[in-house]
Structure formats: C-alpha cells, structure tokens
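Trainee: Here is a sequence with its predicted model. Questions after.
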Amino acid sequence: MAEKKENAEEQTKSQEDKVPNGMPKNLLVPFLLLQLRGWNVHGYELIQQLIKFGFPTIDQGNVYRTLRQLEKDNMVKSEWDTSTGGPAKRIYSLTDAGEQYLKSWASSLEQYQTMLDRFFNMYTELFMPPNLSGNKTNNMS
C-alpha cells in the first residue's frame, strides 16, 4: 500500500512539474535587460519596474543574483553611485553583449507569442463557440 501511495505522489509531483504555476524563472532575464536598455538603473528601481510589468511576486535576492550572473556573463555592468547622500548604490547598465542577448530573447519570445496566440485561438474556438459568446442579443434587434 505504501508503494502505491508513493507512486501516486510521484505521479502528482511529475504532473505539477509539467504544468507551471507561474512564469518561468528565466523570463526575468529579458525583462531586466529590457529595463536596462538605454538607462542606468538601481536594483530597487528594476524591482519596481518588474512589478509594473506584472510579475506577481518578486524575490529580491533572486533579482540581485541574476544581475550578478548577468554581470559575470558580460551582459550587464555596474558601478557604485556615491553621488547621493547615504550609502552607495549600484547602478546597472546594459553592455553591447547584453543588447545582442536581448535581441535574441525578443526573437524567441516573438516565436513563443505566435504559438501562444494559436493556442488561445484554438482554445477559444473549442470552449467558447461564437453563438454562446453573447451574439444572441445582436440577432434579436
């Protein structure tokens, strides 16, 4: 009996892994790069922009780890801003390599968007036939 329960739990976990509950973590990268294009921005400002983009939750530590990794990969550079009163803050900016990487992300996301559009068109046709979507009122006039 215990073996069957473990198999059922493994199957449930496998299904949960296949169906994402949120956005992929690596989707953070193109949004960060886009925010840095043409701007020198503090980490806190980047986090605020991610919230405006619609990220449901932001793990600030993950944002800073991602920025550090992007810096190691030469996609982003940073420098300390000591011009204001108070503690120094890092200002992040996009490198040429980061700009190229952003362009490749945009191309990939555009292809993904096309696939998503097709999916939702098919989904809408299957689950929301035109005659059930409120067109009856138009036919009565």
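Mentor: Done, it's in.

Trainee: Please name the residues that touch the residue sitting nearest the centre point of the chain.
Mentor: Geometric centre of the chain, nearest residue: Leu27, 3.4 Å, by C-alpha atoms, centre = their mean. Neighbouring residues of Leu27 by C-beta atoms under 8 Å, 6 or more residues apart in numbering: there are none. Yep, even glycine has a C-beta here, placed from its N, CA and C like the rest.

Trainee: buried ones in the helix or strand Lys103 falls within?
Mentor: Taking DSSP states H and E as the definition, one finds Lys103 inside helix 96-127. Within helix 96-127, the residues scored as buried using 16 or more other C-beta atoms under 10 Å are 98, 101-102, 105.

Trainee: Make JSON lines out of those residues and add pLDDT.
Mentor: As requested, those are exported to JSON lines (pLDDT from 0 to 100):
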{"residue": "Gly98", "pLDDT": "96"}
{"residue": "Tyr101", "pLDDT": "95"}
{"residue": "Leu102", "pLDDT": "95"}
{"residue": "Trp105", "pLDDT": "91"}
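
Trainee: Flag the shaky bits of the protein, pLDDT-wise.
Mentor: Scanning the chain for pLDDT under 70 picks out 1-25, 130-141.

Trainee: Show me the helices in it, by range?
Mentor: 2-18, 28-36, 43-53, 60-72, 96-127, 136-140 (DSSP state H).
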